[in-house]
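>>> quick one: sequence and predicted model below, then my questions.
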Amino acid sequence: MSGQSEQADRGLCGEKAAEETVNRFVYQDDEELDKGFDWVQVKRLSKYMKPYARQLVPIMIVMMCVGGITKLLNPLLIAYAIDHALKEKDGTTLLYCVLGMLGLYIIQWAANAYRIRFTNMIGQRIIYDLRHDLFSHIQQLSFRFFDKRPAGSILVRITNYVNSLQDLLTNGAVNLMIDCVQLVGIIVILLIYNVKLGAAIIVTVPIMFLISTKLRVRIRRSWQVVSTKTSRINAHLNECIQGIKVTQAYTQEKPNMAYFELMNKDNHKAWTRASNLNQSFNPIIEVTGAIGYCILFWFGAHLIQAGEITIGVLVAFATYIGHFWEPINRLGQMYSQMLIAMASSERIFEFIDEQPNVAERPAAKDLPPIRGDIDFKGVEFEYEPGRHALKGIDLQVKAGQSIALVGHTGSGKSTIINLLCRFYDVTSGSIKIDRTDIRDVTIQSLRSQVGIVLQDTFIFSGTIRDNIRFGRLDATDEEVEAAAKAVRAHEFITSLPQGYDTEVQERGNVLSMGQRQLLSFARALLADPRVLILDEATASIDTETELKIQEALKTLLAGRTSFIIAHRLSTIRHADHILVLDHGRVMEEGDHDALMKHQGIYHGLIQAQYRLLQEAG
Ligand SMILES: Nc1ncnc2c1ncn2[C@@H]1O[C@H](COP(=O)(O)OP(=O)(O)OP(=O)(O)O)[C@@H](O)[C@H]1O
């Protein structure tokens with residue numbers, strides 16, 4: 001087979017493979033940002049400008065006026081120099097004119113430099129405030145908010161949308177004012193100098209403005225397509241990197257590559273189109289500009305012959321026309337920038353307006369230090385209306401007792417935990433800690449007394465010490481180490497090259513599952529909560545680690561009220577009370593012996609686990 005046909009064949013296979021896989025990947029595209037001008041958004045944004053308005057805006061306006069006026073004065077000096085100094089061969093006047101022009105340029109430069117510095121300062125402060133508000137607000141939002149939105153879309157709002165406002169706020173808004181002032185100033189000067197010539201030239205303004213805005217909008221849309229395609233590539237890339245182990249294990253590299261190729265080609269096509277459109281902008285504007293110059297010189301020459309204007313005026317007009325295109329061009333750009341900013345700010349404020357579903361009552365008080373008595377009374381819960389996740393849960397737990405929650409997947413175990421921590425509020429019924437309804441206390445005072453150890457332990461970037469200290473930020477190094485020793489984590493930590501100062505990457509990929517569990521126990525022990533919630537890891541670990549974890553658990557649970565989503569037989573057996581859930585209802589409850597005697601669901605689950613263990617050898 002020739003090289004060419006081999007290549008063609010490979011291309012065909014690639015396309016076929018891509019077609020087959022294209023339907024497998026579904027990524028949520030970035031939202032398209034397309035919106036008209038919206039005063040509501042301008043008003044809301046201007047609230048962020050208010051704190052700086054009194055202090056900095058007057059300086060900016062003065063600088064803006066100085067810069068604008070000096071720019072408008074220069075052509076007048078040129079006209080004067082041509083019509084008087086040159087005509088009368090007056091060297092001194094010519095020198096004064098040149099020095100005057102130089103002076104005006106220097107003033108203009110200084111005013112612009114100051115203005116840019118101040119506008120950047122204000123813009124950056126506004127962006128800082130906006131990011132701060134957005135991030136602190138998002139941190140307060142309930143789980144329900146995160147359930148409904150992909151992490152990517154939240155990230156895009158905090159980074160990309162805020163950045164797109166940055167362009168408008170740092171330069172755009174002030175440029176808009178300068179450009180408008182400059183445009184009006186030039187038109188007035190042209191009309192004062194010569195109404196006929198001025199009017200003939202001004203005719204080109206709307207044409208140019210129309211071309212500029214329309215084309216800019218098309219260019220913006222085409223760049224948006226590029227951005228959507230790029231974010232799709234990023235999503236695919238992200239998924240492939242995160243899932244690389246599974247991909248390689250199932251030898252799915254080729255289909256992944258084929259899909260990537262497809263996305264890459266698509267992105268390339270979109271980029272070429274946007275880039276071509278972008279490049280057509282300047283020539284079109286230049287041609288329209290040239291038409292303006294033709295009108296000026298053709299009509300201007302007639303007026304000079306008729307003695308209505310001087311050569312100096314013609315040159316001044318030509319200079320003003322040069323200054324014309326700049327603001328018009330920028331205004332077109334601004335228009336498109338503003339439309340993006342309107343849409344961005346709408347999305348940002350949508351998040352800021354979002355109220356947490358779990359809201360604190362106005363009269364909420366701090367929960368005093370608790371003993372750990374817990375009472376569920378008639379608790380019902382629905383994640384979505386009409387679909388019960390929990391139904392009629394009644395449970396009394398005495399301080400210091402351990403409760404094991406068991407049941408098939410989806411039976412409602414995690415939901416009980418979510419309600420106890422007030423990640424969601426009960427749909428009906430009540431949960432009380434030490435006889436106080438948890439809805440009557442502040443969320444912070446509740447959660448600070450309820451510790452939680454999740455199955456998928458989250459390890460943050462930083463050192464091992466930092467990760468344990470996450471349980472109590474003011475803990476000393478000695479306290480951190482004591483907690484690690486108590487849960488038998490000290491041994492493996494000290495065997496690491498840098499011991500407690502070993503940097504663990506985000507998510508702790510360099511640690512084993514068992515090690516991560518022990519770290520999270522140390523973290524919880526340091527926090528020392530009266531009520532502890534533990535979602536046991538399901539992954540099977542070697543017997544030695546299992547024993548270590550059981551020992552650590554004993555230390556961790558001693559003297560605390562604990563809720564354990566139990567997967568290990570050893571944990572279930574030792575629990576004071578076992579709750580067997582099915583489809584959101586409590587089907588059986590009691591201790592291990594009583595439930596085994598009952599020979600119901602629990603008995604079946606335990607038998608199944610024994611069989612599994614025996615088969616595993
Ligand atoms: N965020 C959510 N939004 C909507 N429904 C949910 C949500 N989380 C859980 N559910 C539903 O609520 C029910 C109970 O789920 P829950 O997570 O409490 O089960 P579980 O017993 O902890 O399961 P597993 O052992 O698999 O973790 C399930 O039907 C589940 O589909």
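Perfect, thanks for sending it. Numbers count the residues shown, from 1 in each chain.

>>> near the ligand, which residues of the stretch 351-500 of the chain show up?
383-384, 389, 407, 409-415 (CB under 6 Å from any ligand atom). C-beta here means a position set from N, CA and C on the backbone, and glycine is covered the same way.

>>> so where is this structure shaky, pLDDT-wise?
1-37, 148-153, 171, 173-174, 506-509, 537-546, 613, 616-617 (pLDDT under 70).

>>> domain map for it?
Per automatic domain parsing, the domain ranges recorded for the chain read 28-351, 401-411+448-616.

>>> just to revisit the earlier point, most neighbours, which of the residues of the stretch 351-500 of the chain next to the ligand?
Ranked by neighbour count (other CB atoms under 10 Å), these have G412 at the top, with 25 neighbours.

>>> phi first, then psi, for M334.
phi -60, psi -40 (degrees, to the nearest 10).

>>> wait, G514 touches Q550, no?
No: between G514 and Q550 there is no contact under CB atoms under 8 Å: 11.6 Å.

>>> tell me which of these two has more neighbours.
G514 (19 against 14).

>>> can you classify that one as helix, strand or coil?
Three-state call for G514 (DSSP: H, G, I helix; E, B strand; the rest coil): helix.

>>> one more: the one 3 residues further on?
Following three-state DSSP, the label given to Q517 is helix.

>>> number of nearby residues for it?
Counted with other CB under 10 Å, residues neighbouring Q517 total 26.

>>> correct me, but it touches L553?
No: the criterion here is CB under 8 Å, and Q517 misses it with L553 at 9.6 Å.

>>> who in this structure is up against the ligand?
Counting by CB under 6 Å from any ligand atom, the chain comes close to the ligand at 147, 383-384, 389, 407, 409-415.

>>> what's the farthest-apart pair in those?
Greatest spatial distance in the residues of the chain next to the ligand: D147 and G407, 21.4 Å, computed using CB to CB.

>>> how about the contacts made by I601?
Neighbour list for I601: 407, 580, 582, 587-588 [criterion: CB atoms under 8 Å, 6 or more residues apart in numbering].

>>> tell me where the stretch 351-500 of the chain has strands.
Secondary structure of the stretch 351-500 of the chain (DSSP state E, counting those that start in this stretch): strands at 374-384, 387-397, 402-407, 428-433, 436-437, 450-453, 462-463.

>>> who does the last one touch, helix- and strand-wise?
The contact analysis (3 or more CB pairs under 8 Å, 6 or more residues apart in numbering; DSSP states H and E) places strand 462-463 against strand 503-504.

>>> which elements pack onto the longest helix seen in the chain?
As assigned by DSSP state H, the longest helix anywhere in the chain is helix 253-305. Counting contacts by 3+ CB pairs under 8 Å, 6+ apart, helix 253-305 is packed against helix 3-22, helix 195-202, helix 204-242, helix 311-353.

>>> and the ones you listed, which is most packed in?
Mean neighbour counts were compared across the helices and strands packed on helix 253-305 using mean count of other CB atoms under 10 Å; the top stretch is helix 311-353, at a mean of 20.

>>> residues contacting E536?
Taking CB under 8 Å, 6+ apart as the test, what E536 contacts is 455, 564-568, 571.

>>> please repeat the previous calculation with a cut-off of 6 Å.
E536 sits next to 566-567 when contact means CB atoms under 6 Å, 6 or more residues apart in numbering.

>>> so what does whichever residue of the stretch 201-350 of the chain sits closest to the ligand look like in phi/psi?
Closest residue of the stretch 201-350 of the chain to the ligand, CB to the nearest ligand atom: V246 (19.5 Å). Torsion angles at V246 (phi, psi; degrees, to the nearest 10) stand at phi -70, psi -40.

>>> once you drop chain neighbours, what's closest to it?
Q252 (7.8 Å; CB to CB, 6 or more residues apart in numbering).

>>> tell me how far M49 lies from the ligand.
According to CB to the nearest ligand atom, to the nearest Å, M49 and the ligand sit 39 Å apart.

>>> so what's that residue closest to, chain neighbours aside?
Nearest non-adjacent residue to M49 (CB to CB, 6+ apart): I126, at 6.1 Å.

>>> what about the one you found, neighbour count?
23.

>>> same check on the one 4 residues further on?
The number of residues packed around L130, counting by other CB under 10 Å, is 22.

>>> give the contact list for it.
Contact partners of L130, counting by CB under 6 Å, 6+ apart, are V162.

>>> on that earlier part again, figure out how far the longest helix of the chain is from the centre of its chain.
The gap between where helix 253-305 is centred and where its chain is centred comes out at 32 Å by CA atoms, centre = their mean, to the nearest Å.

>>> cool, stretch 489-503 as well?
Counting by CA atoms, centre = their mean, stretch 489-503 comes out at 34 Å from the chain centroid.

>>> got the CA coordinates for that stretch in CSV?
Coordinates of each C-alpha in stretch 489-503 appear next as CSV, following Å, rounded to 0.1, in the frame of the first residue of the first chain:
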residue,chain,number,x,y,z
ALA,A,489,-0.8,7.3,61.9
HIS,A,490,2.4,8.5,63.4
GLU,A,491,4.4,5.5,62.3
PHE,A,492,3.7,5.8,58.5
ILE,A,493,4.1,9.6,58.7
THR,A,494,7.6,9.4,60.2
SER,A,495,8.6,6.8,57.6
LEU,A,496,8.0,9.4,54.9
PRO,A,497,11.1,11.4,53.8
GLN,A,498,10.0,14.7,55.3
GLY,A,499,7.8,13.2,58.0
TYR,A,500,5.0,15.7,59.0
ASP,A,501,6.4,18.2,56.6
THR,A,502,5.9,16.0,53.5
GLU,A,503,4.0,17.8,50.8
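
>>> so can I have JSON lines of the contacts of I601 showing secondary structure?
Below are these laid out as JSON lines (three-state DSSP):
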{"residue": "G407", "secondary structure": "strand"}
{"residue": "V580", "secondary structure": "strand"}
{"residue": "D582", "secondary structure": "strand"}
{"residue": "M587", "secondary structure": "strand"}
{"residue": "E588", "secondary structure": "strand"}
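
>>> narrow those to just the buried residues.
407, 580, 588 (16 or more other CB atoms under 10 Å).

>>> for the second one, which residues are in contact?
V580 makes contact with 406-407, 587-588, 601-602 under the criterion CB under 6 Å, 6+ apart.

>>> on that earlier part again, look up how far I154 lies from the residue nearest to M49.
Distance, I126 to I154, by CB to CB, to the nearest Å: 21 Å.

>>> also S275?
S275 is 31 Å from I154, where distance means CB to CB.

>>> tell me which element the residue positioned nearest the centre of the chain falls in.
Nearest to the geometric centre of the chain sits L155, at 2.1 Å (CA atoms, centre = their mean). Secondary-structure element containing L155, defined by DSSP states H and E: helix 151-156.

>>> just to revisit the earlier point, out of the residues of the stretch 351-500 of the chain next to the ligand, flag the one nearest to D434.
Nearest member of these to D434, counting by CB to CB, is T415, at 22.5 Å.

>>> excluding its backbone neighbours, what's nearest the closest one?
With sequence-adjacent residues excluded and distances taken as CB to CB, 6+ apart, T415 is closest to A389, at 4.7 Å.

>>> tell me which residue lies farthest from the centre of this protein.
Max distance from the centre of the chain (CA atoms, centre = their mean): E88, 66.6 Å.

>>> please confirm that that residue is located within a strand.
No: using three-state DSSP, the assignment for E88 is coil, not a strand.

>>> look up phi and psi at it.
As for E88, its main-chain torsions (degrees, to the nearest 10) stand at phi -90, psi 10.

>>> do the same with H84
Dihedral angles for H84 - degrees, to the nearest 10 - are phi -110, psi -60.
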